[in-house]
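> Fold the following and give me the result.
(chains A and B)
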Amino acid sequence: DAGVTQSPTHLIKTRGQHVTLRCSPISGHKSVSWYQQVLGQGPQFIFQYYEKEERGRGNFPDRFSARQFPNYSSELNVNALLLGDSALYLCASSPGLAGRIRDTQYFGPGTRLTVL
Amino acid sequence: GQQVMQIPQYQHVQEGEDFTTYCNSSTTLSNIQWYKQRPGGHPVFLIQLVKSGEVKKQKRLTFQFGEAKKNSSLHITATQTTDVGTYFCEDSGGYQKVTFGTGTKLQVIP
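Below you'll find the predicted structure:
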């Protein structure tokens, strides 16, 4: 079975532009989460989606948005890019909705975004 | 907000030596997940701890959850060069509360 896939692998944008990152979860997984990982730091939680609905949001500005499609794939959109948005964007899929006991997350390889 | 700190930030060990990273929280931890991230790679799930005082082992790795659920540790016995990477803990009290630790970067000298 294929793991979590993300596209593109690398992306270079300039300040003020918009970017769309894509994620396909493991087959059968219904939940997708997005993380931002700045070099040398731990991943920061951005969003979690389950069954096409937003179930969790981290402390990120409204320039960040996401959606999940009927096939459970997901897109992360970032508007008005800033230099500080340069990071590795990770997608993680899990079988279901995280409740009291966390579902195991499986991370994709990430998209490396560079903002110039 | 919650802060999850890991110590040490960096650790260099000689191959064969033991290694321990500690995960400490400013608030009570809900569930702890541990991940390993190789250089240039993505986090890979290692283990989940749920109960106070829980201890789990995976070959040379021992994971522990503190009695007060405010800390956790990962201990590697007799490190190997394949253990190189950054180890992260993650606290998740449900989908509204997900916090990764600051990470400990392990370098193993052959």
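> Show me what secondary structure element comes after the helix or strand bottoming out on mean pLDDT in chain A.
Scoring the helices and strands of chain A by mean pLDDT, DSSP states H and E places strand A:53-57 at the bottom, with a mean of 89. Using DSSP states H and E, the helix or strand that follows strand A:53-57 in sequence is strand A:64-68.
> what angle separates that following strand from strand A:53-57?
Strand A:64-68 runs at 140 degrees relative to strand A:53-57, counting by axes from the mean of the first three to the mean of the last three Cα atoms, to 10 degrees.
> and the helix or strand residue A:21 falls within, does that touch chain B?
Using DSSP H and E, residue A:21 falls within strand A:19-24. No: using Cβ under 8 Å from any Cβ of the partner chain, strand A:19-24 stays clear of chain B, coming no nearer than 12.0 Å. To be clear about C-beta, it is placed using only N, CA and C from the backbone, and glycine gets the same treatment.
> re the thing from before, each with direction, which strands does the least confident helix or strand of chain A pair with?
Strand A:53-57 has the following strand partners under DSSP bridges: strand A:44-50 (antiparallel).
> Skipping its backbone neighbours, what lies nearest the spatially most central residue of chain A in space?
Among the residues of chain A, the one closest to the centroid is residue A:34, at 2.7 Å (Cα atoms, centre = their mean). Distances taken as Cβ to Cβ, 6 or more residues apart in numbering or on different chains put residue A:46 closest to residue A:34, at 4.3 Å, once the chain neighbours are dropped.
> can I assume the one you found is in contact with residue A:64?
Yes: the pair formed by residue A:46 and residue A:64 meets the contact definition of Cβ atoms under 8 Å, at 5.9 Å.
> Give me the common contacts of those two.
residue A:76 (Cβ atoms under 8 Å, 6 or more residues apart in numbering or on different chains).
> When these two are compared, which one has more neighbours?
Residue environment comparison for residue A:46 versus residue A:64 gives the larger neighbour count to residue A:46, 23 against 17, counting by other Cβ atoms under 10 Å in any protein chain shown.
> Tell me where chain B is predicted with low confidence.
The model of chain B has pLDDT under 70 over residues B:93-97.
> residues from it in reach of chain A?
B:1, B:30-31, B:33, B:35, B:41-45, B:48, B:50, B:88, B:92-96, B:98-103.
> Among these, which are located in strands?
Among the residues of chain B next to chain A, the members falling in strands (DSSP state E) are B:33, B:35, B:44-45, B:48, B:88, B:92, B:98-100.
> Near residue A:90, how many other residues are there?
26.
> list the contacts for the closest residue to it other than its chain neighbours?
Once flanking residues are discounted, residue A:90 sits nearest to residue A:35: 4.3 Å by Cβ to Cβ, 6+ apart. By Cβ under 8 Å, 6+ apart, the contact list for residue A:35 reads A:43-46, A:89-92, B:100.
> and if we set it to 6 Å?
Neighbouring residues of residue A:35 by Cβ atoms under 6 Å, 6 or more residues apart in numbering or on different chains: A:43, A:45, A:90.
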